[in-house]
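Asks: here's my sequence, what's the structure:
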Amino acid sequence: MNIKSHFTFNKQQRSGVLLLLLLIVLLLCVYWFVDFSEEDTFDTSSAEIVAMQKELDSLRLVEMENRKPKKYPFNPNFITDYKGYTLGMSNKEIDRLFQYRKKDKWINSAADFKKVTGVSDSLLKELSPYFKFPDWVTNPKPKKDYKSEKGFSEKSFTQKIDLNKASEEQLQQISGIGEALSKRIISYRDKLGGFSDDIQLYSVYGLDPTVVQRTLNIFTVKTPKKISKLNINMASASDISTIPGISFEMAKKIWEYRRLREKITSIQELNKIEGITERKLQLFQLYLSTE
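Replies: Numbering: from 1, shown residues only. Sure thing, here's the model as predicted:
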């Protein structure tokens with residue numbers, strides 16, 4: 001076989017081979033020296049893009065916040081297992097609260113809540129703005145002790161006249177009691193069926209406390225009417241409002257206080273309720289009992 005004949009080219013063929021070589025070299029140069037990568041014409045650092053990204057981030061945060069369980073004001077004394085779980089409390093923290101409440105003790109501040117449950121400072125900071133305590137806890141108002149300036153010598157019990165037997169004329173002998181007030185005292189006494197205690201005289205409409213003091217230096221209840229007391233732990237607001245001198249609004253406050261405490265062990269506890277004076281408390285002790 002004659003191999004030499006395969007490498008013998010005429011002039012036209014040699015020109016074609018040369019042109020092909022030149023074309024290959026040109027393509028290699030283009031491949032190595034020309035950058036074909038596409039430039040990113042989208043500038044993410046521009047002010048418009050940055051502002052849009054911030055807006056999207058804020059909307060994303062709002063949406064995440066909206067998906068969280070809503071918190072409403074609540075009394076931490078009445079947290080249930082489920083409520084405690086949704087608030088982020090552990091089982092041990094919830095159990096400590098339950099054990100504390102079983103002793104008939106009450107949480108009256110955020111500090112009390114932390115001390116009893118042992119929650120972390122961060123969780124307390126998150127929950128405490130939602131704590132809602134009764135007004136008598138959050139806004140206690142100092143009660144003024146009523147001290148009279150009598151300005152007269154005290155008569156003994158035996159020297160005094162029975163208030164349940166006093167006539168209008170006898171009552172009018174007291175400075176400050178005229179015909180109208182004496183009639184009102186007798187009318188109130190008849191409405192009660194007879195006074196049970198001197199303190200009831202303060203409930204007579206229009207009778208000034210200083211006049212009551214002067215009256216009680218001459219008169220006192222010697223034949224008290226017996227009162228069937230209401231059990232405050234069983235009575236409704238309507239029942240309590242039947243007490244003479246007690247409005248339904250005040251009766252409702254007492255009932256709500258009883259519900260909050262679950263049980264009242266002493267009538268003296270009612271002095272924590274706004275609007276209840278020492279004199280009203282003495283009146284309650286005539287009509288209410290804890291058993």
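Asks: what about residue 235, neighbour count?
Replies: Using other CB atoms under 10 Å, the number of residues around residue 235 comes to 21. All C-beta atoms are positioned from the backbone trio N, CA, C, and that covers glycine.
Asks: which stretch of helix or strand covers it?
Replies: Counting by DSSP states H and E, there is no helix or strand that carries residue 235.
Asks: kindly report the same for residue 15.
Replies: Per DSSP H and E, the secondary structure element for residue 15 is helix 11-33.
Asks: let's see the helix or strand just after that helix as CSV, backbone CA atoms only.
Replies: For helix 11-33, the following helix or strand on the C-terminal side (DSSP H and E) is helix 47-67. Output of helix 47-67 as CSV, limited to C-alpha atoms (Å, rounded to 0.1, in the frame of the first residue of the first chain):
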residue,chain,number,x,y,z
ALA,A,47,-31.7,52.4,47.9
GLU,A,48,-35.0,51.3,46.3
ILE,A,49,-34.1,47.5,46.7
VAL,A,50,-32.9,48.0,50.3
ALA,A,51,-36.1,49.8,51.2
MET,A,52,-38.2,47.2,49.6
GLN,A,53,-36.3,44.4,51.4
LYS,A,54,-36.9,46.2,54.8
GLU,A,55,-40.6,46.5,54.1
LEU,A,56,-40.8,42.8,53.2
ASP,A,57,-39.0,41.9,56.4
SER,A,58,-41.3,44.0,58.5
LEU,A,59,-44.4,42.5,56.9
ARG,A,60,-42.9,39.0,57.6
LEU,A,61,-42.4,39.9,61.3
VAL,A,62,-45.9,41.3,61.6
GLU,A,63,-47.3,38.1,60.1
MET,A,64,-45.3,36.0,62.5
GLU,A,65,-46.5,38.1,65.4
ASN,A,66,-50.1,37.7,64.3
ARG,A,67,-49.8,34.0,64.3
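Asks: quick one: mean pLDDT for the very next helix or strand once past helix 47-67?
Replies: Where DSSP H and E defines the elements, the next helix or strand beyond helix 47-67 is helix 81-87. Taken as a whole, helix 81-87 carries a mean pLDDT of 82.
Asks: so how far is helix 81-87 off the chain centroid?
Replies: Average the C-alpha atoms of helix 81-87, do the same for its chain, and the two points are 17 Å apart (CA atoms, centre = their mean, to the nearest Å).
Asks: elements contacting the host helix or strand of residue 127?
Replies: According to DSSP H and E, residue 127 maps onto helix 121-127. If you count contacts as 3 or more CB pairs under 8 Å, 6 or more residues apart in numbering; DSSP states H and E, helix 121-127 packs onto helix 110-117.
Asks: mean confidence score for the helix it packs on?
Replies: When the per-residue pLDDT values of helix 110-117 are averaged, the result is 90.
Asks: in that helix, which residues are buried?
Replies: Across helix 110-117, burial judged by 16 or more other CB atoms under 10 Å covers 110, 112, 113, 114, 116, 117.
Asks: may I have the helix holding residue 15 exported as CSV, CA atoms only?
Replies: Output of helix 11-33 as CSV, limited to C-alpha atoms (Å, rounded to 0.1, in the frame of the first residue of the first chain):
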residue,chain,number,x,y,z
LYS,A,11,-2.2,23.6,-4.4
GLN,A,12,-5.9,24.0,-3.8
GLN,A,13,-5.9,21.4,-1.0
ARG,A,14,-3.0,22.9,0.7
SER,A,15,-4.7,26.3,0.8
GLY,A,16,-7.8,24.6,2.3
VAL,A,17,-5.7,23.0,5.1
LEU,A,18,-4.0,26.3,5.9
LEU,A,19,-7.3,28.1,6.1
LEU,A,20,-8.7,25.4,8.4
LEU,A,21,-5.6,25.7,10.7
LEU,A,22,-6.0,29.5,10.8
LEU,A,23,-9.7,29.1,11.7
ILE,A,24,-8.8,26.7,14.6
VAL,A,25,-6.2,29.1,16.0
LEU,A,26,-8.6,32.0,15.8
LEU,A,27,-11.3,30.1,17.6
LEU,A,28,-8.8,29.1,20.3
CYS,A,29,-7.8,32.7,20.8
VAL,A,30,-11.4,33.8,21.1
TYR,A,31,-12.0,31.0,23.6
TRP,A,32,-9.1,32.0,25.8
PHE,A,33,-9.1,35.7,25.6
